[in-house]
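Engineer: 3D model of this:
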Amino acid sequence: MKPRAPGFTIVELVTIMVVIGILAAIAIPRLGQLDAFTSSAYRNEVLSALHHAQKSAVSHRRLVCATVNPQNVQLLIALNAGDTACLTTNARPFPSPDGTPFASHGNERAQSGPLVGVPLFFQPSGDITMDGAGTVFASGFISITGQRGINIDGSAGHVE
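Structural biologist: Numbering: from 1, shown residues only. Presented below is the predicted three-dimensional model:
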């Protein structure tokens, strides 16, 4: 009897190819779902930052300014009640509830809309305006790729 040669049998090779095919059929669609999950998490983070800004303006009775950029959400709170601007001389960075700055790290998520990169002024009354004096209500949306937009109605103080 001749000794068996090293290597794989045809049955073993076919079995491995079938297993790899099944894994590829299952794994590739899941990669697209992971991207949608990341976009959803980023949308929720931006929405949370805007809600935090609004609630903080009301509770602190101070103007809170929020700027949504593709890389982060920047929040500033006025140092004094009655201030109508959030400049570096009369405001300070306003952290998230856990004490860290809001940084969404969403630079891979395309954003568009009339309110991206524009400062939003959350008034102590709960209104959302385009100016610190509170004369022009903010109205518009922020779009995030693959997700429902975030709508802002400043006259009603509604962010969703």
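Engineer: so in this protein, where's the weakest helix or strand by average pLDDT?
Structural biologist: Using mean pLDDT, DSSP states H and E, strand 111-112 stands out as the lowest-scoring helix or strand of the chain, at a mean of 67.
Engineer: pairing partners for whichever helix or strand comes after it, with directions?
Structural biologist: Using DSSP states H and E, the next helix or strand after strand 111-112 towards the C-terminus is strand 120-122. Here strand 120-122 is paired, per DSSP bridges, with strand 64-68 (antiparallel), strand 128-129 (antiparallel).
Engineer: for those, give me a markdown table that also has mean pLDDT, mean neighbour count and distance to residue 144.
Structural biologist: C-beta here means a position set from N, CA and C on the backbone, and glycine is covered the same way. What follows is the strands paired with strand 120-122, written out as a markdown table (pLDDT from 0 to 100; neighbours: other C-beta atoms under 10 Å; distance: least, C-beta to C-beta, whole Å):
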| stretch | mean pLDDT | mean neighbour count | distance to residue 144 |
| --- | --- | --- | --- |
| strand 64-68 | 89 | 23 | 10 |
| strand 128-129 | 94 | 24 | 19 |
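Engineer: next, format those as JSON lines and append distance to residue 121.
Structural biologist: Formatted as JSON lines, the strands paired with strand 120-122 follow (distance: least, C-beta to C-beta, whole Å):
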{"stretch": "strand 64-68", "distance to residue 121": "6"}
{"stretch": "strand 128-129", "distance to residue 121": "5"}
